[in-house]
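Undergrad: make a model of this:
(chains A, B, C and D)
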2 protein chains.
Amino acid sequence: MATTQRPMRADARRNYERLLAAARVAFAEQGTEASLEEIARAAGVGIGTLYRHFPTRRALLEAVLHDGLVTLDTQARELLGSDSPQEALLEWTRHLMAHATVYRGLAATLMSSLNDPASELYGACQQTRAGGSALLAAAQRTGAVRDDVTGTDLMRLVNAVAWIGEHCGDDTSERLLGLVMDGLRAQ
Amino acid sequence: MATTQRPMRADARRNYERLLAAARVAFAEQGTEASLEEIARAAGVGIGTLYRHFPTRRALLEAVLHDGLVTLDTQARELLGSDSPQEALLEWTRHLMAHATVYRGLAATLMSSLNDPASELYGACQQTRAGGSALLAAAQRTGAVRDDVTGTDLMRLVNAVAWIGEHCGDDTSERLLGLVMDGLRAQ
DNA sequence: GGGTATGCGGAGGCGGTCTCCGAGTAGATG
DNA sequence: CATCTACTCGGAGACCGCCTCCGCATACCC
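TA: Okay, the predicted model is just below:
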């Protein structure tokens, strides 16, 4: 996608990597709203350089999250072959929630990127949604999950529970995820 | 609560009211993160005056929301006498969600005030939670709602669905509220 | 009308976002 | 190896929002 033609100049690539590493640390410590100036400073790079590589905060976040999204996609594919689609769905939503929880503030970013084609995270969200939809459909085919739930509903609900988790330290969010997923069962 | 002794000076009271009115407009138009300086300007008042009356953004929000919270409380009390506690609970959660949706960004503020005694909105949240807990308990007593749900869970879930609503224009949030509340039924 | 407690307002410090452009340099070319 | 150029760097600076502080104004009491 980003591979136009020529490889990046050595200094550019080095700075790119440094920024990525610094961003990971900063997001982990202070959430997705961490100061971009501080990230540049930590990376030993000028603020201009940060903005050239990552025009928006979301672009930086996308790069940082890329690996996790690929993993999530792989997990969805693997679970799609499960004997118990309902179990598989539950398991995957746990992975999804874990992903949406790695940085404070991430759930909100993901939520707004879900319907915003202008967001750098839109593509990633759509891909994840597709994976979730497949698992959901499989579970619905067995009659275990109510039919009026869409893949988008699933993404939104899991994100919302992840967001709850940001506001209460204990393990409430896992319990609530179970509660909500339980509520999706066909009666 | 605020009535210590002496009534406010006439100019102070006037400015207080103006700020409240301006804040209502600004929050409605730009969400709870509207610029406080702009609110002061719209009220025809200095920024220092705003901060004297409302030391924090949440204090201002609390004043703006006060009437709505009283209404919510009244509604809870009325619904507590309902023939169908389950119906009553559902109805009240609709009111609650409507309340959490009046301003963009409000759901997030309420969510973090729910466990933060330092927040000016903590008291209001606790009172609302108490109302919800009573309705929930009544519904649980009839066996219609699962027993492992707490009043705090209820608040969090409704807030989370309201938050979803902020990120998707259509009527999805109402549908999702129905879905989630449906999931709380005892099986 | 005079005195005082109370309230007013905005300048100013801080820290954040984002742009723009002169200076610096990696790497291709002869 | 020297030269040249296109790419990249860095940070000054414009702008905005938060919040504090204190000299000035004035509402209210007597």
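
Undergrad: residues from chain A in reach of DNA strand D?
TA: Counting by Cβ under 7 Å from any atom of the strand, the residues of chain A lying close to DNA strand D are A:8-9, A:11-12, A:14-15, A:44-49, A:51-53. Every residue, glycine included, has its C-beta placed from N, CA and C.

Undergrad: so the residue in chain A that DNA strand D sits nearest to versus chain B, what's the distance?
TA: Residue of chain A nearest DNA strand D, by Cβ to the nearest atom of the strand: A:G48 (1.9 Å). From A:G48 over to chain B the distance is 27 Å, taken as Cβ to the nearest Cβ, to the nearest Å.

Undergrad: for that residue, what are its contacts?
TA: Under the criterion of Cβ atoms under 8 Å, 6 or more residues apart in numbering or on different chains, A:G48 has no contact partners.

Undergrad: sec struct for it, please.
TA: helix (DSSP: H, G, I helix; E, B strand; the rest coil).

Undergrad: and the gap between it and DNA strand C?
TA: To DNA strand C, A:G48 is 3 Å away according to Cβ to the nearest atom of the strand, to the nearest Å.

Undergrad: for chain A, give me the ranges with low pLDDT.
TA: For chain A, the stretches with pLDDT under 70 are A:1-5.

Undergrad: what does it put close to chain B?
TA: A:108, A:111-112, A:114-115, A:148-149, A:153, A:156-157, A:159-161, A:163-164, A:167-168, A:172, A:176, A:179-180, A:182-184, A:187 (Cβ under 8 Å from any Cβ of the partner chain).

Undergrad: ChimeraX command for the buried members of those residues?
TA: Buried subset of those, written as a ChimeraX selection, criterion 16 or more other Cβ atoms under 10 Å in any protein chain shown:
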select /A:108,111,112,114,115,149,153,156,157,159,160,161,163,164,167,168,172,176,179,180,183,184
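
Undergrad: among the residues of chain A next to chain B, which are located in strands?
TA: Judged by DSSP state E, the subset of the residues of chain A next to chain B located in strands is empty.

Undergrad: okay, and which of the residues of chain A next to chain B map to helices?
TA: Among the residues of chain A next to chain B, the members falling in helices (DSSP state H) are A:108, A:111-112, A:153, A:156-157, A:159-161, A:163-164, A:172, A:176, A:179-180, A:182-183.

Undergrad: quick one on the thing from earlier: just the buried residues of the residues of chain A next to DNA strand D.
TA: Among those, those buried by neighbour count (16+ other Cβ under 10 Å) are A:15, A:45, A:49, A:53.
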